[in-house]
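Novice: What shape does this take:
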Amino acid sequence: MHVGMATIFQNPGRTVADYQVYRNELRLADLVETLGFESIWAVEHHFSDYTMCPDVIQFLTYMAGRTHHAKLGSMVVVLPWHDPVRVAEEVSMLDNLSGGRMILGIGRGLARLEYEGFRLDMSESRTRFIESAECLLAGLEQGFCEYEGEFIRQPRRDIRPEPFRSFRGRTYAAAISPESSSIMAELGVGMLIIPQKPWEETAKDLERYRDAYRKANGEEPPAPVAVGWTFCHEDEETARQMARRYIGGYWQTVMDHYEFKEDHLKDIKGYEYYGKVTEKLVDYGEDEVVDFFVNLQVWGTPEQCYEKILEINRLSGNDHYVGVFSYAGMPYDDAERSMRLFAAEVLPALKQFDPAAASVR
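Specialist: Sure thing, here's the model as predicted:
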């Protein structure tokens, strides 16, 4: 199994300077190759302390110069916020600079704060995403962008530096709703799983996605990339307490950033599914939802972390696992110890695990 690490640059409550957050997160990022992780990933967000990486490709380009072999993954570039021809140029440039190490992740975004900040109507996001994705993905394969849609009207222009290898099989999209999964299948991209609902439900969504992918593309889809908020400690009780405090704390930042306690999403075209999620959150109560989210993630002793990732593989068929080790204001010494222990005792076993030999039930 391919094992990566993601850094998300959180600073909840601005307890330290943003500059210090960057220093600490970069310290962890610099450990990726030393500890044996095979990729580094970053998340795009804007305007708040939820995550402070407004330009994923810029960060990955920086990391390309600080690494030799690690793959460079976007988790994700939010396409409705960008001009797709510019994204195509930036992606191709990074891939050329790094010798083909880019893993492209795309998505459409969910936060009202960000859409309003970019002066965009959220109800247009699905159409904007599809048009941008079609323009971008075709451009990366054929070496030029040309598109005529409702929002994207791109005269033919070459991508320079030109893409030198295909992005098929190394492009993924984040999708939570069943409708989005079908769109990703038709686009011919793999699935990037950000765990927010029961893994058994995710497994059912993936089966529908795989069926749609086969029909649309006439071939098997790429295995999914699974992400997990991760905490590893020798002592099970310490791991449990830290997970509840910091993975649970991360979930609180999700609630705040996406305004899940509000009811606005149910009235926005293309976000009806998330409106239903909001209703469930209210029904279940805050503590129960926090516990539910924490238990979706990977935490515990090294043995427990390994077994949880194998269970994720059993249900999803993933061949990549990407761990997030620093979040919700966790002290960086704790994050680094967790990452080092995971690298020493979990990562080698995962690398020996062959996802292709495992069956998804």
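Novice: Using the three-state scheme, assign Q154.
Specialist: strand (DSSP: H, G, I helix; E, B strand; the rest coil).
Novice: And the pLDDT for the nearest residue to it once chain neighbours are set aside?
Specialist: Excluding the flanking residues, the one nearest Q154 by Cβ to Cβ, 6 or more residues apart in numbering is Y147, at 4.4 Å. C-beta: built from backbone N, CA, C; applies to glycine. If you check Y147, the pLDDT there is 98.
Novice: Please identify the helix or strand for Y147.
Specialist: In this assignment (DSSP states H and E), Y147 forms part of strand 144-148.
Novice: got it, and T127?
Specialist: Per DSSP H and E, T127 falls inside helix 125-142.
Novice: Could I get the average pLDDT for that helix?
Specialist: For helix 125-142, mean pLDDT rounds to 98.
Novice: What is the least confident helix or strand in the chain?
Specialist: Every helix and strand in the chain was compared by mean pLDDT, DSSP states H and E; the lowest is helix 272-284, with a mean of 76.
Novice: tell me what the next helix or strand along the chain from it is packed against?
Specialist: Remark: after helix 272-284, the chain's next helix or strand is helix 286-296, criterion DSSP H and E. Contact partners of helix 286-296 among helices and strands, from 3 or more Cβ pairs under 8 Å, 6 or more residues apart in numbering; DSSP states H and E: helix 248-258.
Novice: Against which helices or strands is the helix it packs on packed?
Specialist: helix 286-296.
Novice: neighbouring contacts of the helix it packs on?
Specialist: Outside helix 286-296, the residues that touch it by Cβ atoms under 8 Å, 6 or more residues apart in numbering are 195-199, 228, 243-244, 247-248, 251-252, 254, 281, 284.
Novice: between that helix and helix 272-284, how many degrees?
Specialist: Relative orientation of helix 286-296 versus helix 272-284 (axes from the mean of the first three to the mean of the last three Cα atoms, to 10 degrees): 120 degrees.
Novice: got the CA coordinates for helix 286-296 in CSV?
Specialist: C-alpha atoms of helix 286-296 as CSV (Å, rounded to 0.1, in the frame of the first residue of the first chain):
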residue,chain,number,x,y,z
GLU,A,286,-23.2,17.3,19.2
ASP,A,287,-21.4,14.8,21.4
GLU,A,288,-22.6,11.7,19.6
VAL,A,289,-21.6,13.2,16.2
VAL,A,290,-18.1,14.0,17.5
ASP,A,291,-17.7,10.5,18.7
PHE,A,292,-18.9,9.2,15.4
PHE,A,293,-16.4,11.2,13.5
VAL,A,294,-13.5,10.3,15.8
ASN,A,295,-14.3,6.6,15.4
LEU,A,296,-14.1,6.9,11.6
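Novice: That concludes my questions; thank you for your assistance.
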